[in-house]
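Enquirer: can you look at this prediction? I've put the sequence above it.
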Amino acid sequence: MASTSTSSISLQTNAQKPCLPSKSAPKLSHTNLSFPCSLPLSTKFVCVKSSSTAKYYNEVVVDEEMDRIRRLQNGSDVRGVALEGEKGRAVDLTPPAVEAIAESFGEWVINGLEKERGHPVENVGVSLGRDPRISGASLSVAVFSGLARAGCLVFDMGLATTPACFMSTILPPFAYDASIMMTASHLPYTRNGLKFFTKKGGLSSPDVEDICDKAARKYANRLTKVSILLNIPLSRVDFMSTYAKHLRDIIKERVNHPLHYETPLQGFQIIVNAGNGSGGFFTWDVLDKLGADTFGSLHLKPDGMFPNHIPNPEDKTAMAVTRAAVLENSADLGIVFDTDVDRSGVVDNKGNPINGDKLIALISAIVLREHPGTTIVTDARTSMALTRFITNRGGHHCLYRVGYRNVIDKGVQLNKEGIETHLMMETSGHGALKENHFLDDGAYMVVKIIIEMVRMKLAGSDEGVGDIIKDLEEPAESIELRINVVSEPRYAKEKAIEAIETFREYVEEGRLEGWELDSCGDCWVSEGCLVDSSDTSAAAVDARMYRAKVSDEEHGQHGWVHIRQSIHNPNIAVNMQSSVPGCCQTMTRVLLDKFIIANGMDKSLDISQIEKYAKSGIVG
């Protein structure tokens, strides 16, 4: 039966608990707001007769609709297509879907608090922040609706950053019970998503899977999709000012400038490229107030269409325009933020871009001065040269699974086991510090770099922060290729897993000469990090991946190949590095001819990109 319906509801009548202001909450302005939002949706339903509502709820199974919600899970986040405009991708992150997910998250938070405290809880507060994506307004209404249905108090932070959302659960006088950030990071303007936090940090993949499963049942069993008429005491709060002051205080206290304590950045020119995302606040609410000259900063105005370039510190255009601005203005530092500011990259005073392995090396050097001998966790795509850089400074390097939550969770686990681990960082720029609640915060990472820059100047050095990593060697070659899975979306994950497990078997059985499965690289901590099973890993396995080290008679061990299932798209990512020019192309030919084609996988995989590179050495 197809059903399309539009009506209006008052959320106050649907909430399980009254939405009343908490007596202990900070005094905030409350505004009764009405947001009419028509949400028609044509949906197929299978109804099973039942004598009880509960039985009816449990027995109504609509696989297609439930799978639609479950597929929105993206590891520890939720992501989907929120606007039309992507070729071959239908809109799936709809307001009804978001409402069901937000409601399930609210229930998950309440149930967790009740289990933890041993009694019913009231006035559970959840904040919502968002980046400037144009789908944010309508989807925010859906989040407010879902949280209200669950019985939560709702606090609207407006334009915010992902780290700020977590900090809103920590910093007084706010200290909410949980928070949601609406963002899709660096993905196109058509995408959006949700990131979830409690006072304990970001949620794990199993937690998000549980929430999405419950949301799928809600979504599939609502026979009508309704207009949302929001008529609840919605609290608008200015948390970003508190968060910015928190960052300013850290810089002032740790620099402890002997001449001008309140303006320790006086005399420094720092350029910020916010990419039209949420990072502009760092310019006027942090740097300017600390005395820095920020003339020449780029793309500070939030614009959800991202008209200038992708807001991503890995993006070549983002780095190139920032580099040009630094050189043109003879600035001391350039900063590049991603959309929601949980990642960052920098450009030194000589115009050298610092991201990827270079950024990890820079932060590692700073952390190792503060905590000699500490362990540093990275994902398995970092270079052998980075391992030498860390160990030469007395640190220990733990290579782990790709995925920022995997890397962070590994660091948390090692600390619990008594292995001091102060830095966890992925090559994408996600970096977390033990001193900062294990939170991946791009602004906090930049704060660490700025403090070091000022300290160097106070010590009499005229060199920029790039001087700290001048001895970091670079690989001769580094490449990433994508192999698309030719399948319906619901079967793509299964086919990708099958291909990756077959790769493991080929390497283990010696079918690829000179290739050996790399269990842990040079990691001293424990065996098996890169091939963790769900029984022993720090986090649930959200994507299959393996790394093989590659050797030959002429060069010895000269490179590695890392193959993994993408959690963003239906494809397989292949990363390679080599210390010998031309060897990445050679490894690609071996992978193509002796594994993919020899195993008949070219019939189920789109290998056009890897074929092109194997033949010409040029990435398409």
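Expert: Looks like it came in fine.

Enquirer: ranges for the helices of the stretch 201-350 of the chain?
Expert: For the stretch 201-350 of the chain, the helices defined by DSSP state H, counting those that start in this stretch occupy 205-221, 240-255, 281-282, 316-329.

Enquirer: could you dump the ones you listed to JSON lines with mean neighbour count and mean pLDDT?
Expert: From N, CA and C alone the C-beta is placed, and that goes for glycine too. Formatted as JSON lines, the helices of the stretch 201-350 of the chain follow (neighbours: other CB atoms under 10 Å; pLDDT from 0 to 100):
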{"stretch": "helix 205-221", "mean neighbour count": "21", "mean pLDDT": "90"}
{"stretch": "helix 240-255", "mean neighbour count": "18", "mean pLDDT": "98"}
{"stretch": "helix 281-282", "mean neighbour count": "26", "mean pLDDT": "98"}
{"stretch": "helix 316-329", "mean neighbour count": "18", "mean pLDDT": "97"}
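
Enquirer: among these, single out whichever gets nearest to P353.
Expert: helix 316-329 (4.4 Å; CB to CB).

Enquirer: helices or strands next to that closest one in the packing?
Expert: Helix 316-329 is packed against strand 270-273, strand 333-337, strand 344-347, strand 353-354, with contacts defined by 3 or more CB pairs under 8 Å, 6 or more residues apart in numbering; DSSP states H and E.

Enquirer: what angle sits between it and strand 333-337?
Expert: Using axes from the mean of the first three to the mean of the last three CA atoms, to 10 degrees, the inter-axis angle of helix 316-329 relative to strand 333-337 is 160 degrees.

Enquirer: just put the helices of the stretch 201-350 of the chain in CSV and tack on distance to L386.
Expert: Listed next are the helices of the stretch 201-350 of the chain as CSV, based on distance: least, CB to CB, whole Å:
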stretch, distance to L386
helix 205-221, 26
helix 240-255, 26
helix 281-282, 27
helix 316-329, 19
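
Enquirer: give me every residue that touches the nearest residue to F306 once chain neighbours are set aside.
Expert: Using CB to CB, 6 or more residues apart in numbering and skipping residues adjacent in sequence, the residue nearest F306 is N276, 5.3 Å away. Applying CB atoms under 8 Å, 6 or more residues apart in numbering to N276 gives the contacts P132, H299, L300, K301, P302, D303, G304, M305, F306, P307, N308, P311.

Enquirer: hmm, try it at 6 Å
Expert: H299, D303, F306 (CB atoms under 6 Å, 6 or more residues apart in numbering).

Enquirer: scan those and report the most crowded one.
Expert: Each of the contacts of N276 was scored for neighbours by other CB atoms under 10 Å, and H299 scores highest at 24 neighbours.

Enquirer: you'd agree it is up against S278?
Expert: No. H299 lies out of contact with S278 (CB atoms under 6 Å); the separation is 11.7 Å.

Enquirer: then the helix or strand containing K410 to PDB, C-alphas only?
Expert: Assigned by DSSP states H and E, K410 falls within helix 404-416. Output of helix 404-416 as PDB, limited to C-alpha atoms (Å, rounded to 0.1, in the frame of the first residue of the first chain):
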ATOM      1  CA  TYR A 404      39.700   8.200  13.000                       C
ATOM      2  CA  ARG A 405      37.500   6.500  15.600                       C
ATOM      3  CA  ASN A 406      39.600   3.300  15.300                       C
ATOM      4  CA  VAL A 407      42.800   5.300  15.900                       C
ATOM      5  CA  ILE A 408      41.400   7.200  18.800                       C
ATOM      6  CA  ASP A 409      39.800   4.100  20.400                       C
ATOM      7  CA  LYS A 410      43.200   2.300  20.100                       C
ATOM      8  CA  GLY A 411      44.800   5.200  22.100                       C
ATOM      9  CA  VAL A 412      42.100   5.000  24.700                       C
ATOM     10  CA  GLN A 413      42.600   1.300  25.000                       C
ATOM     11  CA  LEU A 414      46.400   1.600  25.300                       C
ATOM     12  CA  ASN A 415      46.100   4.100  28.100                       C
ATOM     13  CA  LYS A 416      43.700   1.800  30.000                       C
END
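
Enquirer: and that helix, what does it pack onto?
Expert: strand 375-379, strand 421-425 (3 or more CB pairs under 6 Å, 6 or more residues apart in numbering; DSSP states H and E).

Enquirer: out of the ones you listed, nearest to T586?
Expert: T586 lies closest to strand 375-379 among the helices and strands packed on helix 404-416, at 24.2 Å (CB to CB).

Enquirer: report the inter-axis angle for the closest one versus helix 404-416.
Expert: Per the same axes, to 10 degrees, the angle that strand 375-379 makes with helix 404-416 is 160 degrees.

Enquirer: what comes up buried for the longest helix seen in the chain?
Expert: Counting by DSSP state H, the longest helix found in the chain is helix 95-117. For helix 95-117, the buried set under the neighbour-count rule, 16 or more other CB atoms under 10 Å, comprises 95-110, 112-113.

Enquirer: check stretch 357-368 too.
Expert: By neighbour count on 16+ other CB under 10 Å, the buried set for stretch 357-368 is D357, K358, L359, I360, A361, L362, I363, S364, A365, I366, V367, L368.

Enquirer: alpha carbons only: can I get it in PDB?
Expert: C-alpha atoms of stretch 357-368 as PDB (Å, rounded to 0.1, in the frame of the first residue of the first chain):
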ATOM      1  CA  ASP A 357      52.400  12.600   7.500                       C
ATOM      2  CA  LYS A 358      54.000  16.100   7.900                       C
ATOM      3  CA  LEU A 359      51.300  17.200  10.200                       C
ATOM      4  CA  ILE A 360      51.500  14.000  12.300                       C
ATOM      5  CA  ALA A 361      55.300  14.500  12.500                       C
ATOM      6  CA  LEU A 362      54.900  18.100  13.700                       C
ATOM      7  CA  ILE A 363      52.400  17.400  16.400                       C
ATOM      8  CA  SER A 364      54.400  14.300  17.400                       C
ATOM      9  CA  ALA A 365      57.500  16.400  17.900                       C
ATOM     10  CA  ILE A 366      55.600  18.800  20.100                       C
ATOM     11  CA  VAL A 367      54.000  16.100  22.100                       C
ATOM     12  CA  LEU A 368      57.200  14.100  22.600                       C
END
